[in-house]
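Undergrad: any chance you can model this:
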Amino acid sequence: MYTEDDLLPISALQHLAFCERQWALIHVEGAWAENRLTAEGRVLHDHPHEPETEVRGDIRIARGLQLRSLELGLVGKADVVEFHRVEQGGIPLEDTPGLWQPFIVEYKRGHPKIGHEDEVQLCAQVLCLEEMLGISISSAAFFYGEPRRRYELALDNALRQETEQLISRLHQLTAVGQTPQAEYSPKCKSCSLIDVCLPGTTSGPKSARTYLIKSIIQAEETVS
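TA: Okay, here's the model as predicted:
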């Protein structure tokens, strides 16, 4: 069990799954830079993150619901949690008759990604809500901005295990507090921190550190 002071943001899991260096630049060094992709994502989140409750027949919609897990050491916020009225297996809600099954909907810009960074972030939200409500949740969904449609995500054991392993890695790296060396890959082009990270000059044999060391050695050889 973690304490309140140990809780880490759920959003950090998405950064970590995408790139450990990106995670460190944001969450260890406090660097941030916005590009078109991050700006569009922020705008898409503005409305869902406004705390409010809405009723649509047998569905109650909660926006901006705070999430927390002392077992996993996470804290964050769900864009939308729908509570669907069910005959059995749900939970009671305050001042509301019947039983209700929660269903998280996460808003994202663009299209579904190739990697699993979105999936582990959403799974972590579900794990937190399961702990908070004492209920099992079998699925959740994304709403992507460009196709403007939902994509349902099954929360199977493989995804849960992958998410829990990444959460452990998050706490481990946070305790160390170091920024990994850059490793250039095609996904760097879509990263808003590319001008901060400089993967083309700080990774591999052409890194700035290697260049400086060689320059110092050459200067010493020239003097001697």
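
Undergrad: in space, what's closest to L67 - neighbours in sequence excluded?
TA: C128 (4.1 Å; C-beta to C-beta, 6 or more residues apart in numbering). Quick note: C-beta positions are derived from backbone N, CA and C, even for glycine.

Undergrad: just checking, L99 touches Q88?
TA: Yes. With contact defined as C-beta atoms under 8 Å, L99 reaches Q88; the gap is 6.7 Å.

Undergrad: between these two, which one's more packed in?
TA: When neighbours are counted by other C-beta atoms under 10 Å, L99 and Q88 differ, and L99 comes out ahead with 16 against 6.

Undergrad: still on that earlier bit, ok, now which ones touch the residue nearest to L67?
TA: I10, L67, R68, S69, L72, L74, G76 (C-beta atoms under 8 Å, 6 or more residues apart in numbering).

Undergrad: mind doing that once more with 10 Å?
TA: With contact taken as C-beta atoms under 10 Å, 6 or more residues apart in numbering, C128 is in contact with 10, 65-72, 74-76, 78, 104.

Undergrad: now those: which count as buried?
TA: I10, L65, L67, R68, S69, L70, L72, L74, V75, G76, A78, I104 (16 or more other C-beta atoms under 10 Å).

Undergrad: quick check, the third one in a strand?
TA: Yes. Membership of L67 in a strand is supported by DSSP: H, G, I helix; E, B strand; the rest coil.

Undergrad: beta partners for it?
TA: The partner list for L67 in beta bridges (DSSP bridges) reads G76.

Undergrad: N157 versus that one, what's the distance?
TA: Going from L67 to N157 by C-beta to C-beta, to the nearest Å gives 21 Å.

Undergrad: for the last one, same thing?
TA: Between I104 and N157 the distance, using C-beta to C-beta, works out to 18 Å.

Undergrad: over to the fourth one?
TA: Summarising the geometry, the distance separating R68 from N157, computed by C-beta to C-beta, is 23 Å.

Undergrad: would you map out the domains in the chain?
TA: With domains defined by automatic domain parsing, the chain comprises 4-180, 181-224.

Undergrad: so for the first one, mean pLDDT?
TA: Averaging pLDDT along domain 4-180 gives 89.

Undergrad: off-centre distance for it?
TA: Relative to the centre of its chain, domain 4-180 is centred 7 Å away, using C-alpha atoms, centre = their mean, to the nearest Å.

Undergrad: hey, where'd the strands end up in this protein?
TA: When assigned using DSSP state E, the strands of the chain occupy the ranges 8-9, 52-56, 59-69, 74-86, 91-93, 96-108, 139-144, 149-154.

Undergrad: so which of the ones you listed is nearest Y184?
TA: Shortest distance between Y184 and those, using C-beta to C-beta, is found for strand 96-108: 25.1 Å.

Undergrad: buried set for that closest one?
TA: Of the residues in strand 96-108, those with enough neighbours to count as buried (16+ other C-beta under 10 Å) are L99, W100, Q101, P102, F103, I104, V105, E106, Y107, K108.
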